[in-house]
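[1] Show me how the following folds:
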Amino acid sequence: MGLPFLDSFSAAARHGVWHADELGSADAQVIGTGHAALDAELPGGGWPVGAMTELLQTAPQDPIWPLLLPGLVQAVQARGGPVVLIGAPCEPFGASLAAHGLAPESLMWVRSDASAARLWACEQALRCADVGAVLAWLPQARVGELRRLQLAAAQHDVLLFVCRPETVAQSASPARLRLHIVRSTADAGQVELHILKRRGPPLTTPVMAPARSERMSALLAAARVRRKLRLRQGAMPQPVTVDSTTVVHIDAWKEGRHALDRLAVVA
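    Prediction:
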C-alpha cells in the first residue's frame, strides 16, 4: 500500500501545525503574569507552568518582585505550597510582600553561595509536591544543569524562574521563555522586558512593566508633592535633637488630608 500524498491531509490536521511567524499557543498550563501587555506577547497568555522561564538581569539585586508577584500569588493559591527562593541576593521584605497578597509564611529562603548547592536545592524543590513555585538565582549554571531543572519542572508541573546575568544572553538555554529585564532610561518607574525567546516570532520592541508597586509609586509621588510645596512656602521643618536622637516634625495634616497623603499612609 502506497504512502498518502501530502495533499490528502485535511485542513484540520494542518491547522494544528505551529508556524514560526505566528505566536504559538500554550501546550501546557499557564499562569497570568498580571501585566496585560506582557500576557498579550506570551504563548497562552502567561508564565508557562512546568517549564523554565529565564530572567536575565544587569545585576542580581535589580528588583523583579513587581514583575513576578501576581503570578507567584496565583501559584501559591493553586498548589497551596510555598515559593522557594534559592540564592536570593537580598532578604525579602515580608510586610511589603504580604501587602500584595504573598504571606511571609508562604516563602522558603534557601541561602547558599555554592553553585552546586543551589542547583541541588533547586532540583529538590522542583520534585517536592508541596512547592508552589521556585525562584532561583543561578549565575554559574551550565546548559546541562539547566536542562536537568527544565526536565524536573516539566515532570512535576512547577512554575520555575531562573535569574542569570545578562552576559549569557547569547548563550544557548533550554528555557521555554527568556526575558532580558532592563531599567528604563526614560521612566525610572518602568522596566523594559526584551523577549529573547518564546514560541513565536522575535519581538522587536520591548514590553514595558512597572519597576515598583503601585503603593510604592504613590508613596514616592506623595513625597515629591509635599517637598515641592514646602520649597515653595520656604518652610522646611527644622530638626530637633533630643538625647542624641534627631527628630524632624512633619505637619502632615496642616492643610487637610490630600488624596496622595492617604495613599502614602496606606502604602
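
[2] Only C-alpha atoms from now on, for both contacts and neighbour counts.
    Will do.

[3] and the host helix or strand of residue 182, C-alpha only, in CSV?
    For residue 182, the host element (DSSP states H and E) is strand 177-183. Coordinates of each C-alpha in strand 177-183 appear next as CSV, following Å, rounded to 0.1, in the frame of the first residue of the first chain:
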residue,chain,number,x,y,z
LEU,A,177,10.9,31.6,27.8
ARG,A,178,13.7,34.1,28.1
LEU,A,179,13.3,37.7,29.2
HIS,A,180,16.0,40.4,29.5
ILE,A,181,15.0,42.9,32.1
VAL,A,182,16.4,46.4,31.6
ARG,A,183,15.7,49.6,33.6
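
[4] Relative to that strand, what are the paired strands and their orientations?
    If you go by DSSP bridges, strand 177-183 pairs up with strand 51-57 (parallel), strand 190-197 (antiparallel).

[5] I'd like those as CSV, with mean pLDDT appended.
    Putting the strands paired with strand 177-183 into CSV (pLDDT from 0 to 100) gives the following:
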stretch, mean pLDDT
strand 51-57, 97
strand 190-197, 94
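
[6] Of these, flag the one that's most buried.
    Highest mean neighbour count of the strands paired with strand 177-183: strand 51-57, a mean of 25 (counted as mean count of other C-alpha atoms under 10 Å).

[7] now the strands paired with strand 177-183 in CSV, with distance to residue 130?
    Listed next are the strands paired with strand 177-183 as CSV, based on distance: least, C-alpha to C-alpha, whole Å:
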stretch, distance to residue 130
strand 51-57, 17
strand 190-197, 29
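
[8] so which of these comes closest to residue 134?
    When these are compared by C-alpha to C-alpha, strand 51-57 sits nearest residue 134, at 9.8 Å.

[9] And the average pLDDT for the helix or strand just after the closest one is what?
    Remark: after strand 51-57, the chain's next helix or strand is helix 65-79, criterion DSSP H and E. Helix 65-79 carries an average pLDDT of 94.

[10] Starting from the helix or strand just after helix 65-79, tell me which strands it pairs with and how they run.
    Counting by DSSP H and E, the next helix or strand C-terminal to helix 65-79 is strand 83-86. Under the criterion DSSP bridges, strand 83-86 sits next to strand 107-110 (parallel), strand 133-137 (parallel) in its sheet.
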